[in-house]
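Visitor: Give me a model of this one.
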Amino acid sequence: MSDERDWDEIYRKGETPWDSGKPCSELVRILEDEFVAPGQALDLGCGTGTNAIYLAQMGFNVTGVDVSQVAVEKAREKADAAGVSVHFMLATLPKTFLPGKVFDFIFDRGCFHAIAKEKRPGYIDMLKGLAREGSIYLMLCGNAKEPMTPGPPTLTEEEIRETFSALFDFVWIRDFRFDTTGDMPAPLGYSCLMRRTG
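Guide: Numbering: from 1, shown residues only. Here you go, the predicted structure:
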């Protein structure tokens, strides 16, 4: 995530409308449609761990990464309560935080869109080290067709294709609505399913 906000304070205060407490519906959908089989999974910007825990329950070996110590501590508590094993760790992205480790599936619910534009090439370099040929990457981001205030940062489809096409083939880029808590309207997002090329 971006280091421009105090994420520990945000999670401490619970100012997290994206933290619905339920697995992301778009993530559930691709698993139910069998686009991804259980394997090594990485949750970038995992927050309090809801999606990482869901992946573990679905048979994945999961690593969850977040910039917030508060979020990671909450995630570990939730995983313990759910009786699943998830490796949660701190990292300010983009950076190399697991050298030599590659993943079959990488999930990014709102992490990339919080990265400053000048840091995007570094994010792609990070993904290059984390994904092998054939790895699946699901990236959910704010949609510039319908910006909201307050709401997530937004990207255009052109920006997404320009940023990721050198490393990934696109299975789809489609509109969807983010899951949120009850006190915030559901922002329009892009669901971007990609497969790592050679």
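Visitor: after the strand ranked longest in the chain, next one along is what?
Guide: In the chain, taking DSSP state E as the definition, the longest strand is strand 131-143. Downstream of strand 131-143, the next assigned helix or strand under DSSP states H and E is strand 154-155.
Visitor: Sheet partners, orientation included, of that following strand?
Guide: strand 131-143 (parallel) (DSSP bridges).
Visitor: Beta-bridge partners for the residue most central in space within the chain, please?
Guide: In the chain, the centroid-proximal residue (C-alpha atoms, centre = their mean) is residue 108; its distance is 1.7 Å. Residue 108 has these beta-bridge partners by DSSP bridges: residue 44, residue 139.
Visitor: just checking, it touches residue 130?
Guide: No: applying C-beta atoms under 8 Å, one finds residue 108 not in contact with residue 130, separated by 10.7 Å. Yep, even glycine has a C-beta here, placed from its N, CA and C like the rest.
Visitor: what is in contact with those two at once?
Guide: Overlap between the contact sets of residue 108 and residue 130, as judged by C-beta atoms under 8 Å, 6 or more residues apart in numbering, is nil.
Visitor: related to what we said a few turns ago, show the contacting residues for the residue nearest to the centre of the chain.
Guide: Residues in contact with residue 108 (C-beta under 8 Å, 6+ apart) are 44-45, 137-140.
Visitor: do residue 155 as well
Guide: 113, 141-144, 190 are the contacts of residue 155 under C-beta under 8 Å, 6+ apart.
Visitor: Can I get these in CSV including distance to residue 5 and neighbour count?
Guide: Below are these laid out as CSV (distance: C-beta to C-beta, whole Å; neighbours: other C-beta atoms under 10 Å):
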residue, distance to residue 5, neighbour count
113, 13, 23
141, 17, 24
142, 15, 21
143, 21, 27
144, 21, 16
190, 22, 23
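Visitor: which one among the residues you listed gets closest to residue 26?
Guide: Nearest to residue 26 out of these is residue 190 (C-beta to C-beta; 10.2 Å).
Visitor: From residue 145, how far off is that closest one?
Guide: Separation of residue 190 from residue 145 (C-beta to C-beta, to the nearest Å): 9 Å.
Visitor: go on, residue 188?
Guide: 6 Å.
Visitor: ok, the two, which is more surrounded?
Guide: Using other C-beta atoms under 10 Å as the criterion, residue 188 and residue 145 rank with residue 188 on top: 19 against 11.
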